[in-house]
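Peer 1: sequence and predicted model, in that order:
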Amino acid sequence: MSELKIVHYPDPVLLSVAKPVTEEGFGSQLKKLVDDMFATMYKAGGVGLAAPQVGISERVFVMDTPNKEGGSDKYAFINPNIIHVEGEQLGDEGCLSFPGLYQQVKRDMRVIVRAQDVEGTEFELDVKDLAARCVLHETDHCDGIVFLDRMTVLKRELAKRKIKRLQRTGKWE
């Protein structure tokens, strides 16, 4: 496994809709990408990472969130599609493409997502709480939406000012 470079906002790949993985796209290259994305996510201390965040415009993301049994639920989602949402949660959210930036973001509490695994087999997952937040956040990346877009106008402007400050001081690449 090799570590990938995480791109930072406002890289254009983060702001454009990613391409679906086609039938020909399933295979050893996709498996390697998923393995490398997990390695990159773990090293960066995240719970989710989408392919656009590593400069690849494909509808792929990985996620590893804690579960109630004290372990974790690790998944790779290829061509994710949100098919049902309900409830509401408000909580702190961060993003590996926005290092050091955390904001309160409103998300749905429960999500049912349909996707494919690295073999191309379709599956459905029903998740709540942090896992739901993660699925929505990473699916947004696949749709060219960043978490700034989910903030209030005031919080978004404050966040953009903070990013500009960090860019001027060389602490934002």
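Peer 2: Okay, I see it.

Peer 1: and the strands in this protein?
Peer 2: Secondary structure of the chain by DSSP state E: the strands cover 48-50, 60-66, 72-86, 89-94, 102-107, 110-116, 122-128.

Peer 1: turn those strands into TSV, columns for mean neighbour count, distance to Glu24 and mean pLDDT.
Peer 2: Yep, even glycine has a C-beta here, placed from its N, CA and C like the rest. Formatted as TSV, the strands of the chain follow (neighbours: other CB atoms under 10 Å; distance: least, CB to CB, whole Å; pLDDT from 0 to 100):
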stretch	mean neighbour count	distance to Glu24	mean pLDDT
strand 48-50	28	21	98
strand 60-66	23	15	97
strand 72-86	17	13	97
strand 89-94	14	35	94
strand 102-107	17	34	92
strand 110-116	20	14	98
strand 122-128	14	17	97
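
Peer 1: between those, which gets nearest to Leu154?
Peer 2: strand 102-107 (10.8 Å; CB to CB).

Peer 1: does His137 really touch Asp92, like I thought?
Peer 2: No. If you go by CB atoms under 8 Å, His137 and Asp92 don't touch, sitting 12.0 Å apart.

Peer 1: if we can go back for a sec, would you list the strands of the chain in TSV and tack on distance to Leu33?
Peer 2: Output for the strands of the chain, formatted as TSV (distance: least, CB to CB, whole Å):
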stretch	distance to Leu33
strand 48-50	11
strand 60-66	7
strand 72-86	9
strand 89-94	23
strand 102-107	26
strand 110-116	14
strand 122-128	19
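
Peer 1: nearest to Asp11, out of those strands?
Peer 2: Checking the strands of the chain against Asp11 by CB to CB gives strand 48-50 as the closest, at 12.5 Å.

Peer 1: so how far is Gln29 from the residue nearest the centre of the chain?
Peer 2: Nearest residue to the geometric centre of the chain (CA atoms, centre = their mean): Glu138, 2.6 Å. To Gln29, Glu138 is 20 Å away according to CB to CB, to the nearest Å.
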